[in-house]
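Pasting a predicted model and its sequence here:
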Amino acid sequence: MVRVKVMAAALTGLLAVSTLAGCGGGGDSGSGGGKDDGKLVLGFSQVGAESGWRTANTKSIQDAAAAAGYELKFSDAQGKQEKQIEAIRSFITQKVDVIAFSPVVTSGWDSVLKDAKDAGIPVILTDRAVDSQDKSLYKTFLGSDFVKEGKEAGDWLVKQNEGKTDPVNVVELQGTVGAAPAIDRQKGFAEAIKANPNIKIVKSQSGNFTRAEGKTVMEGILQSTPDIDVLYAHNDDMGLGAIEAIEAAGKKPGKDIQIITVDAVKDGMQALADGKINFIVECSPLLGPQLMDLAKKVKAGETVDPRILTEETTFTQEQAKAALPDRKY
Ligand code: GZL
């Protein structure tokens, strides 16, 4: 609730309008909750703190909001969709100017996004997408092309086995069930290898994007699945957990079992430089500055591109050694 300070009686009408205008039309106008100092108020619901990528993503958003001088209302959902929905409803009640969030899973958002739309609060999706058919429920998606990331991973493996016909047994550690990066990284990888029948995914299981679960799941797979040639993990953290399990089983990661991961966070890049991972597809978490720029634009009612993809690359061992010293996250 924005409190408008009315000064001298003679100027009340004029001042109240300019003060409200100065407030960014906040308060009861329903066009957002800009405080009386005109600061943009951004409500952000984060998935959680499940991986090095997520930590870097949170830091990027918090640092960029501070640099922009915006008020950031930040909520950590601890991986639970109901907590994200709760947070978005709270941002609506507080009449923030803009809502942004990284949806932990793709489905189940239409109702709360309709409430935000009815309240006249624009929504920006960052990092992960939703499967809503109604594209008017959000202004834009800012993040990566996860299908492309999965394809890059698969293309590397195909190239490594060019001209060979012996079987290549792949274990896949998938991300959180129902999450856009898990769905699409699986899709892109499968697409890339489908013309090579000797390359086969022999086991696929979710490790929920965490190092701990990556280790536990890989321990089980090592017990039950003989002849594993390659591990494809949907993020570095699960790959790093799996490396612990592989070493405990007396095998050499990067040699007995080749490892491909996605993200390119520092710990993953170090393992790549050390030869325990063989190839990493980058997924940039540094979305903060672009998000703040988009928040300003959508608050002002400007039209923005419906899908804004981040610049990303891939790393071999030599490239990781060269990149590590300057790695920001
Ligand atoms: C991808 C992001 C994924 C990362 C994981 O944009 O949603 O979630 O790849 C993170 O490390 O947990």
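Sure, I can see it. Residues are numbered from 1 along each chain as shown.

At which residues are the helices of this structure located?
With helices called from DSSP state H, the chain shows them at 12-22, 52-68, 81-93, 110-118, 146-160, 180-193, 211-224, 236-248, 266-273, 288-299, 317-323.

Contacts for the fourth one next, please.
When contacts are defined by Cβ atoms under 8 Å, 6 or more residues apart in numbering, helix 110-118 is touched by residues 85, 88-89, 91-92, 99, 122-123, 130, 132, 134, 136-138. (C-beta placed from N, C-alpha, C; glycine too.)

for the longest one, same thing?
Contacting residues not belonging to helix 52-68 are listed as 40, 42, 44, 46-49, 71-72, 74, 76, 102, 126-127, 209, 235-237, 263, 265-268, 283, 285-289, 291-292, 296, 328-329 [Cβ under 8 Å, 6+ apart].

Likewise for the third one?
In this structure, residues lying in contact with helix 81-93 by Cβ under 8 Å, 6+ apart are 43, 45, 47, 73, 75, 77, 99, 101, 103-105, 108-109, 112-113, 115-116, 119, 121.

circling back to that earlier point, can I get the helices of the chain in CSV with mean pLDDT, mean neighbour count and distance to the ligand?
Below are those laid out as CSV (pLDDT from 0 to 100; neighbours: other Cβ atoms under 10 Å; distance: least, Cβ to the nearest ligand atom, whole Å):
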stretch, mean pLDDT, mean neighbour count, distance to the ligand
helix 12-22, 37, 13, 38
helix 52-68, 98, 19, 3
helix 81-93, 98, 19, 13
helix 110-118, 98, 16, 19
helix 146-160, 98, 20, 7
helix 180-193, 98, 22, 4
helix 211-224, 98, 19, 10
helix 236-248, 98, 24, 6
helix 266-273, 98, 21, 9
helix 288-299, 98, 21, 13
helix 317-323, 98, 16, 17
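
Out of those helices, flag the one nearest residue 202.
Each of these was checked against residue 202 via Cβ to Cβ, and the shortest separation belongs to helix 211-224, namely 9.2 Å.

Can you list the helices and strands that the closest one packs against?
When contacts are defined as 3 or more Cβ pairs under 8 Å, 6 or more residues apart in numbering; DSSP states H and E, helix 211-224 sits against strand 168-174, strand 199-206, helix 236-248.

Return the residues in contact with residue 126.
61, 100, 101, 102, 141, 142, 143, 287, 291.

List the beta-bridge partners for the second one.
Same thing as residue 100. With DSSP bridges applied, the residues forming beta bridges to residue 100 are residue 44, residue 124.

I figured it hits residue 290, correct?
No: with contact taken as Cβ atoms under 8 Å, residue 100 and residue 290 are classed as non-touching, separated by 10.9 Å.

Any buried residues in stretch 257-266, and which?
The neighbour-count check on stretch 257-266 (16 or more other Cβ atoms under 10 Å) flags 257, 258, 259, 260, 261, 262, 263, 264, 265 as buried.

Quick one: distance of it to the chain centre.
16 Å (Cα atoms, centre = their mean, to the nearest Å).

and the protein, what are its domains?
Per the record, the chain has its domains at 41-144+285-311, 146-283, by automatic domain parsing.

okay if I get those as CSV plus distance to residue 322?
Conversion of the domains of the chain to CSV gives the following (distance: least, Cβ to Cβ, whole Å):
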stretch, distance to residue 322
domain 41-144+285-311, 18
domain 146-283, 9
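
among those domains, which is nearest residue 320?
Using Cβ to Cβ as the criterion, the shortest distance between residue 320 and those is 4.0 Å, found for domain 146-283.

What is the burial count for residue 133?
Each residue near residue 133 was counted by other Cβ atoms under 10 Å, and the total is 7.

Could you do residue 253 as well?
Other residues lying near residue 253 total 24 when counted by other Cβ under 10 Å.

surely it meets residue 245?
No: between residue 253 and residue 245 there is no contact under Cβ under 8 Å: 9.2 Å.

The helices of the chain: which one's closest to residue 230?
Closest to residue 230 of these, according to Cβ to Cβ: helix 146-160, at 6.3 Å.

tell me the angle the closest one makes with strand 199-206.
Put simply, helix 146-160 runs at 140 degrees to strand 199-206, going by axes from the mean of the first three to the mean of the last three Cα atoms, to 10 degrees.

mind checking how far helix 146-160 is from the chain centre?
For helix 146-160, the separation from the chain centroid amounts to 19 Å (computed by Cα atoms, centre = their mean).

ok, the spatially most central residue of the chain to the ligand distance?
Nearest to the geometric centre of the chain sits residue 127, at 3.4 Å (Cα atoms, centre = their mean). Taking Cβ to the nearest ligand atom, to the nearest Å as the measure, residue 127 and the ligand are separated by 5 Å.

Now do that residue against residue 245, distance only.
Residue 127 sits 28 Å away from residue 245, taking Cβ to Cβ, to the nearest Å as the criterion.

Then residue 304?
44 Å.

hmm, back to that, okay if I get the helices of the chain as TSV plus distance to residue 174?
Written out in TSV, the entries for those read as follows (distance: least, Cβ to Cβ, whole Å):
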stretch	distance to residue 174
helix 12-22	50
helix 52-68	15
helix 81-93	18
helix 110-118	25
helix 146-160	10
helix 180-193	5
helix 211-224	9
helix 236-248	9
helix 266-273	17
helix 288-299	27
helix 317-323	24
